[in-house]
Every structure is written in C-alpha cells, then in structure tokens.
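# sequence plus the predicted model coming up.
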Amino acid sequence: MNRDYPLEHMRNFGIIAHIDAGKTTTSERILYYTGMIHKIGEVHTGETTTDWMEQERERGITITAAAITCFWNPTYMPVTDVSKKVRFNIIDTPGHIDFTVEVKRSLRVLDGAVVVFDGVAGVEPQSETNWRYADESNVPRLCFINKMDRTGASFERSYASILERLNKNAVRFQLPIGLEGDHNGVVDLMRMKAYFFEGEKGITVIEKEIPADMLDEAKKYRAEMIEKIVENDDDAMTRFLEGAEFGVDELKKLTRKAVIANKIFPVFTGSALKNVGVQLVLDAVVDYLPSPLDIPPVKGINPNTGEEVIRTASDSEPFSALAFKLQNDPFVGALTFFRVYSGTIESGTYIYNATTGKKERLGRIVRLQADKREEVKKVFAGEIAAAVGLKDALTSHTFADETNPIILETIKFMEPVVSLRIEPKTKADQEKMGMALKKLGNEDPTFRISSNPETGETIISGMGELHLEIMIDRMKREFGVEANVGAPQVAYRETILGTAEAEHKYIKQTGGKGQYGHVKITIKPLEPWPEGEKIPKHIKRYDDFEFINSIKGGAIPGEFIPAVEKGVHEAMDRGIVAGFRLVNISCELTYGSYHDVDSSEIAYKIAASQAFQEAARRAKPVILEPIMKLEVIAPEKYMGDVNGSIASKRGQVEGSEPRGQAIAIHAKVPLSEMFGYTTALRSMTSGQGSAMMEFDHYEVVPANVEKEIAEKRKV
C-alpha cells in the first residue's frame, strides 16, 4: 500500500484560543466546507462534531482535543483539480485553562496553528498562555480575529492587543467589511479584492472589487503589509527600496518562508458563526503553514549509545513516532494517539516502544474523525493516527524501529494546583474506583492520584475545580463509580531558603547480618543551570531537584548511590513544615562510609532520608502557595467593589484596560483565597461580571498564613 497524496500536500495544524473565542464553531465550518459533514452543528445546541463528549455538549465547552482529517481544494483552484487538494490533520483544542494540557501536548506534535481571537475581547489570558506554548514548540501561526458580527467588535482594537501582548510581528492580511450587524465580507490585501460568502452556510465565495469607501485604507495597509513581508528577505528588501513591484505569487512565497521561520504572523478576520471568512483562512493554511517537509528534522537520543539521532520526514527513513495522548474509547477500548515523524508502520505488525524497551502487537490503526474512527492498514511519515489496544504505552513514549531506536524529547506537563479527597460510596465501587482513576490518570498527565499515608485517604489533584469535577463525572458515567468527595484543597509545596548540611549513620544489629549506612549531605536552593552548559555526569538534574554525587575514592560503593538518592526523594515527599512535598532543592552527597558485610541499600536509603530531614529543618524551610493570574471583566461602575474584593484576598491588581463595553482588571491572587469567587463576583456585579484564572507561579506564604496551614495539617 502506497501513499495516496504527496507529503507537501499535508498540513498538520491546531485550532487554539481562549474559551468562547469560537474555535469549535470554526472547526465545524471547516468540516462543512471540506465536505466531511453535510450539516453544521452549533455549540449552543450541543450538536458539534468535535465536542462529542456528553460533558462538552452539556456545558458548551471543549474539554478534550479532538482530531479530524479532511481534504481542502483551495478557493482559487478549479474544483475538478484533485491534484491540488490538500490533506488537513486538524486538532481542535480546549480553551479553558483547566484543560490546557490538551493544548500543550497537541502543539508538541503539530506543524502549525490557527489562533482564534474574539473580535470584542481581543487577546485574553488563555490566548497568551497558548501563544507561549506555541513559542516553546516553535510552531508557526496564523491569527483569525473572529466574531466581527458581535456588538462591540473592533478589528483594530483586537489587532492592537495582538501587537501589544503577543508579538509585534503580527501583520494585517485582511480587513473586515462592516462591523457588528453590518459585517458581511472581507477585503484581502494580498489580492486586493473583496470577498463575500453566499449560498447555503456561506459555501460560495464571491470575489468582487473593493468597496470605494475602503480603497484608500486597503492601499495604505497593503503597502504596510508588503514592507513587513519583504523586510525578512535581504534581496527582496533591496529591490523594495529600489522601487520594485512584487506580484502576488512572489509575495506568497516570501510570506510562507517568513511564517515558517516564525518571523511574521498573518492576521485574518471574519465571523465563523455568520459563515464569513473561514474558507480564506483555509487557503492561508495551504499557502503559509508548513508541510512536514518544511519543518526541521526531529531530534532524539539513541537509547543504546546516548548519541543524538536525527529523523527527516520521509517514508524511507526508519520508523519513529511520538505518543501524545491516550483516550479510553467506550467502543474500542484504549486509543493511543501518535504522530509519525519518519518511516511507516502497518497494522498487524509489532510496534517497538523505545521508551520502555517492550514490543506490542499493533492490531488496529484508526484515523480519527472526533469520536468516529476510520480503520487504516498503514500510516506514513507526517500522519497523525491512533493505535487501538496498546497496554504499555503512555503519553510521551516514543515508538521506533527496533534496529534503529530513537527516544524523542518528552512533553513537560504542569503540576496540579487543586486537590480533593475522594472515597468510594460502596464496597462494590472500591475496586472499580482504583481502575477508573488509573485509566483517567494515564489519559491526562495533569490529573494525579495519591494517598495520604497517615489516613489512607485517596487524594486526586488537577488544574482546577472544573477539571476535577469533570473527572469525577467521567468516573461515574464511563466507569459506573459513585464517590463521596471532600472540599477542594490547595496543592501547597515546601522549599528551603538557606543552606545546611547533615550527617546520619544508620546502624542496626539483630544478631545475624546487621544494617549499616552512613551519609553526609549538603542541601541548598536549586539554581537555574547556565544556558548552553553541559551537565556533568555526576549530577542528576530534574525539573525541581538536583542530586550531586561528590563521593571520592569509593567512600560509598557506587551500587549504593541510587539508594541514597531514593531516600532523599522519599524524604522530600514527606515535607518538613506541614507535610507538603519539597521542591527546588539541590542535594549534594559529600561523604559517607560503608561496612563490608552490613551495608545494604535499605540502610543507605534510611540514612539519606534521616540526614535530609535533619538538614532541611535547619535550612529555613517555608511553605509555597500557588499564585493565580486573574482577569475580571465587569462594567466600570463595579470597579471599586472588584478592586476591593481582590485586595481583601491578598491579591495585587496589576492594571486594567477597556474590554468592549466593560473593563478588564488584571491581578495576581493566591489560589487559597479564590474558591467560590465566581459566585461572589456575580453577586457583587448583579450577574454582569466574569472571572478567568490560570496558574502563574509559586510564592512563599506570609508567616501568619504558614502557621495557620501547619496547624490545620496537625489537626
């Protein structure tokens, strides 16, 4: 079986935005215009293709990233020219901050993104977070300012917010024709034509001359656009300064090159709900976003040699793919979504997991259409597909050719900030609950399960109250597990502010072989590693911990060093001030001794754990609390009340700006003060206020609050 379309005719891209900016509505139009569906479902009626979960349809929000495959024939090509059709692999991502993991992991495997903005609100908090994730993954982007039909919509204000808050290299490529109720088309500055959308759901694109009252404005902004495009190419800039004219095809080539290099971000506009402008965004995806051939080769490590390995997007290269998402499907069981970077793989063969070193039979491969599945026999380089029934695969695992193994860079996930106590309602639920939590935890790396060793309680942790609420709801609907749930708790952390050392000998004689472990350690706050400097072999570095082995002359035999590190890890999990996990610590093993007969792993583990706790108590331990970035939108007359409420919650207002007919206030507030805030805000603003929170950073709690937290933990 051979590839049925060229690799350069493929676009893997995501649709990302703040909640309610219109991502899912835009995705629904894309599916309709590409012929994948014949009836457009709307979010408000709960009938969209990509929001297929019951919880999504009930709440009108996207919870899980949905993958869809479709084919697009660009607007300006003859419909019969099938060779020009481009295959789209699209991921529609959530906009709510509690499900931000879906955006992060999707961007890791996508080649481009369409960032959707609300034409009234412009850049919103989750827009900034998503943009940052795209920067981290170096993903080229197009911008689509949506909802130009809404009351209070302003293309210029929204565009200005992109320049100010995201990137100064965003460039107008279109202008809206009319605003609010009068919005009915767009001016394309590249072709200098006006486009209107007629027929059933705007399916027919009509090209006309630019309205006379907009011609001067269009000429002005086209000149600005051309200048922004050519300044990224030395030769083109020289010709531009010499007065040369540039044709549309040449401008497109220059734009494509600059977009792929993340030097410019074209801005388009329209209204997905009113069926204006979506087809031209799809044309721009074809023109400007990269195919798998345009992105740099993927880099990884050979697990056998530790050397760097490179894979290019080619079917003839050794197979390599990254698992980026797990999903429990009620009909087919476990689905493992993966992106193929090189080579091919067929169903019925064995797939090698380079991360675990295990092989599994790949029974079935499916291509996803949201919750529907199309079975395929073979997948090729550049494709996104899902494997059915893999038992050992987890998010971030690498699949590879066993004879040419590679491990690709893993996806880094955020730490959860909210916890709940959960217990099964009946004995029958007890066994099922453990299985359900394990499956949900495998699906979502930001959903963590732990147990309190003192009380035996099960604790679930996630990114917010809604995140945990959805997980409990899924447990009930998908696994039939009823549970009692405690009040939300903040996921505090502990750290140290000073340096200390401690020495501990663990000696136990029981008549026969005894136990002997002796370690001396120094701990201090973890410092960032200098950029570009290689980490020496004797240092093991993690996200929030560093272990330095400075043992000389075999004072402690090498086989006991891992036990020392393990003992330190276990002591960090227990905390010092109030039992919360310690983070951001550098621990150096400086000295120790051993006994020829009695030394053992368990003895060194206990000695290390005791030494760490002794040192930590003397190193100024403190409690850290999660600080949230808060945005409150409310009418101006309530600003005094809102500011006062933020100050009363130990919050700090950082600024405000007009947002349509209201004011948006930006603040940083401790999460512990924010439970139930949305209800209080609605009451304070007569139902006209709304709030959006996202995690920003951890900060040391004030001494009086620390005392309160520690006393509560002792009770």
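On my side now, so go ahead. Numbering: from 1, shown residues only.

# what's near enough to touch residue 237?
Counting by CB atoms under 8 Å, 6 or more residues apart in numbering, residue 237 touches 230-231. Using the backbone N, CA and C atoms, a C-beta is placed for each residue, glycine as well.

# phi, psi for it please.
According to degrees, to the nearest 10, the main-chain angles of residue 237 amount to phi -70, psi -40.

# now do it, the pLDDT please.
Reported pLDDT at residue 237 in the predicted model: 90.

# ok, now residue 53?
Reported pLDDT at residue 53 in the predicted model: 46.

# and the nearest residue to residue 138 once chain neighbours are set aside, how many residues sit next to it?
Once flanking residues are discounted, residue 138 sits nearest to residue 262: 6.4 Å by CB to CB, 6 or more residues apart in numbering. Around residue 262 there are 15 other residues, counting by other CB atoms under 10 Å.

# equivalent analysis for the one 5 residues further on, please.
Using other CB under 10 Å, residue 267 has 23 other residues around it.

# ok, it to residue 166 distance?
Between residue 267 and residue 166 the computed distance is 11 Å (CB to CB, to the nearest Å).

# model confidence score at the residue nearest to residue 138, please.
pLDDT at residue 262 comes out at 94.

# relative to residue 295, how far out is it?
With the distance defined as CB to CB, residue 262 ends up 11 Å from residue 295.

# what sits closest to residue 559 if chain neighbours are left out?
With sequence-adjacent residues excluded and distances taken as CB to CB, 6+ apart, residue 559 is closest to residue 601, at 7.9 Å.

# any chance of the backbone angles for the one you found?
Dihedral angles for residue 601 - degrees, to the nearest 10 - are phi -60, psi -50.

# show me what contacts it?
When contacts are counted by CB under 8 Å, 6+ apart, residue 601 is found next to 559-560, 562-563.

# mind giving me the PyMOL select for these, buried ones only?
A single PyMOL command suffices to select whichever of the contacts of residue 601 are buried according to 16 or more other CB atoms under 10 Å:
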select buried, resi 560+563
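
# the contacts of residue 601 in helices, which ones?
For the contacts of residue 601, the ones inside helices are 562-563, with DSSP state H as the criterion.

# the contacts of residue 601 into CSV, with extra columns for distance to residue 92 and pLDDT?
Conversion of the contacts of residue 601 to CSV gives the following (distance: CB to CB, whole Å; pLDDT from 0 to 100):
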residue, distance to residue 92, pLDDT
559, 51, 91
560, 51, 93
562, 44, 93
563, 47, 94
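
# dump the residue contacts of the residue nearest to residue 702 when sequence neighbours are not counted.
Counting by CB to CB, 6+ apart, the nearest residue to residue 702 once its immediate chain neighbours are dropped is residue 650, at 7.8 Å. The neighbourhood of residue 650, defined by CB under 8 Å, 6+ apart, consists of 669-670, 673, 702.

# drop anything exposed from these.
Applying 16+ other CB under 10 Å to those, the neighbour count classes 669-670, 673 as buried.

# quick one: low-confidence parts of the protein?
1-2, 37-66, 75-84, 94-100, 330-332, 369-372, 452-456, 511-512, 660, 714-715 (pLDDT under 70).

# ignoring the adjacent residues along the chain, who's closest to the residue nearest the centre of the chain?
Averaging the C-alpha coordinates of the chain gives a centre point, and the residue nearest to it by CA atoms, centre = their mean is residue 104 (1.6 Å). The spatial neighbour of residue 104 that comes closest, neighbours along the chain excluded (CB to CB, 6+ apart), is residue 133 at 5.1 Å.

# now the one you found, what's its secondary structure?
Each residue gets one of three states, and residue 133 gets helix by DSSP: H, G, I helix; E, B strand; the rest coil.

# which positions within stretch 400-419 qualify as buried?
Across stretch 400-419, burial judged by 16+ other CB under 10 Å covers 400-401, 404-408, 411, 413, 415-419.

# next one: stretch 199-211
Using 16+ other CB under 10 Å as the burial criterion, the residues of stretch 199-211 that qualify are 202, 205, 210.

# which strand residues bridge the residue nearest to the last one when sequence neighbours are not counted?
Ranked by CB to CB, 6+ apart and with sequence neighbours excluded, the top spatial neighbour of residue 210 is residue 194, at 4.9 Å. For residue 194, the beta-bridge assignment (DSSP bridges) gives partners residue 187, residue 208.

# give me the distance between residue 194 and residue 228.
Distance of residue 194 to residue 228, computed by CB to CB: 22 Å.

# residue 687 too?
Taking CB to CB as the measure, residue 687 falls 43 Å from residue 228.

# ok, the two, which is more surrounded?
In this comparison of residue 687 against residue 228, neighbours counted by other CB under 10 Å, the higher total goes to residue 228 at 19 against 9.

# my guess is the more buried one meets residue 169, correct?
Yes. Between residue 228 and residue 169 there is a contact at 7.4 Å, judged by CB atoms under 8 Å.

# common neighbours of those two, please.
By CB under 8 Å, 6+ apart, the residues touching both residue 228 and residue 169 are residue 264.

# do a quick rundown of the strands in the stretch 551-700 of the chain.
Taking DSSP state E, counting those that start in this stretch as the test, the strands found in the stretch 551-700 of the chain are 585-593, 621-634, 652-659, 662-670, 690-700.

# so which of these is the most surrounded?
Mean neighbours per residue, mean count of other CB atoms under 10 Å, is largest over those for strand 621-634, with a mean of 22.

# who does that one touch, helix- and strand-wise?
The elements that strand 621-634 packs onto, with contact taken as 3 or more CB pairs under 8 Å, 6 or more residues apart in numbering; DSSP states H and E, are strand 493-496, helix 639-648, strand 662-670, strand 690-700, helix 703-714.

# can you add distance to residue 528 and give those back as CSV?
Formatted as CSV, the entries for the helices and strands packed on strand 621-634 read as follows, by distance: least, CB to CB, whole Å:
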stretch, distance to residue 528
strand 493-496, 15
helix 639-648, 31
strand 662-670, 22
strand 690-700, 14
helix 703-714, 26
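
# what's the closest of the ones you listed to residue 573?
In this view, the helices and strands packed on strand 621-634 are compared for proximity to residue 573 by CB to CB, and strand 493-496 is the closest at 10.6 Å.

# give me the contact list for that closest one.
Contact with strand 493-496 is made by 523-525, 575-578, 580-585, 616, 619-624, 698, 700, as judged by CB under 8 Å, 6+ apart.

# against residue 253, how distant is residue 242?
Spatial separation of residue 242 from residue 253 under the definition CB to CB is 19 Å.

# what about those two, which has more around it?
Taking neighbours as other CB under 10 Å, residue 242 and residue 253 compare with residue 253 leading, 16 against 7.

# the strand or helix carrying residue 484 packs against which elements?
Secondary structure assignment for residue 484, by DSSP states H and E: strand 483-485. Packed against strand 483-485, as judged by 3+ CB pairs under 8 Å, 6+ apart, are the following elements: strand 418-424, helix 465-479.

# show me what counts as buried in the last one.
By neighbour count, with 16+ other CB under 10 Å as the criterion, the buried positions of helix 465-479 are 465-472, 474-475, 479.

# kindly report the same for stretch 533-541.
By neighbour count on 16+ other CB under 10 Å, the buried set for stretch 533-541 is empty.

# stretch 514-532 too?
Going by neighbour count (16+ other CB under 10 Å), the buried part of stretch 514-532 is 515-524, 526.

# from those residues, pick the one nearest residue 29.
Using CB to CB, these come closest to residue 29 at residue 526, 47.8 Å.

# that closest one reaches residue 542, doesn't it?
No. Taking contact to mean CB under 8 Å, the distance of 9.3 Å between residue 526 and residue 542 leaves them out of contact.
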